[in-house]
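Visitor: Attaching a predicted model along with its sequence, questions to come.
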Amino acid sequence: MVLPFHVTLVPLNQILHQTGFVNTPWVVILPGIFSPLGVFLFKQYMVQVADDILEAAVIDGAGLFRIFIFILLPIVRSGIAVFVIITVAIHWGAVEGAVAFIQDESLQPISLLLRQNIMGDISQVFAPGVLYMLPVLCLFIILFWVMDEPML
C-alpha cells in the first residue's frame, strides 16, 4: 500500500503485455480493482463482528454463504461504500497508468486530457474540471444517502 505506482510499473507492464490488456480500457480498471486497501479495510470491519452473532447463525442452521450474505454484508456495507468511494476517487484522477499503457487517444481517460489542456489557456480547463469531479461527488452523495449510518 505504501509503494508508489512507479515502483510496480515494470511488473505491471510485464503482466499487462502477457495478458494482452495494453491499449484497452481494462489497463486502467484492473489495477484499481485488486487493491490491498480493500483487504485491510474489510479485515478491520470484519473484526468488529461479534463471534456470538456468527455462532447464533450457525446454531440456527445457516451455512457460510447465508452468513456472509445476510449477516456480514449488512454489517460491513458502510466499509464497502468507503472502499468504493476511495478507490474510485484515487483511480478516477490517476494518469500514470493511462500514460504508460494507452497510446490510442480515443481510449485515454478524461484526467489525461485535462492534464494536457492545462498547458494551454487555464480558463478553458475550469468548466471541464468541474464536470470531471461531478461523477465522484455524485457517487459519494448517493452512497451517503443510501447508508443508514454515517460513513465518516
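Guide: Ah, there it is. Note that the structure is predicted; figures quoted are calculated from it, not measured.
Visitor: Tell me how far residue 77 lies from residue 50.
Guide: Relative to residue 50, residue 77 is positioned 17 Å away (Cβ to Cβ, to the nearest Å). Using the backbone N, CA and C atoms, a C-beta is placed for each residue, glycine as well.
Visitor: ok, these two, which is more surrounded?
Guide: residue 77 (17 against 9; other Cβ atoms under 10 Å).
Visitor: Nearest residue to the more buried one in space, ignoring adjacent ones along the chain?
Guide: Ranked by Cβ to Cβ, 6 or more residues apart in numbering and with sequence neighbours excluded, the top spatial neighbour of residue 77 is residue 147, at 7.0 Å.
Visitor: Got the phi and psi for the spatially most central residue of the chain?
Guide: The geometric centre of the chain, computed from its C-alpha atoms, lies nearest to residue 87 (Cα atoms, centre = their mean), at 2.4 Å. Backbone geometry at residue 87, expressed as degrees, to the nearest 10, gives phi -60, psi -50.
Visitor: Tell me the pLDDT of it.
Guide: Residue 87 is assigned 85 on the pLDDT scale.
Visitor: Brilliant, that's me finished.
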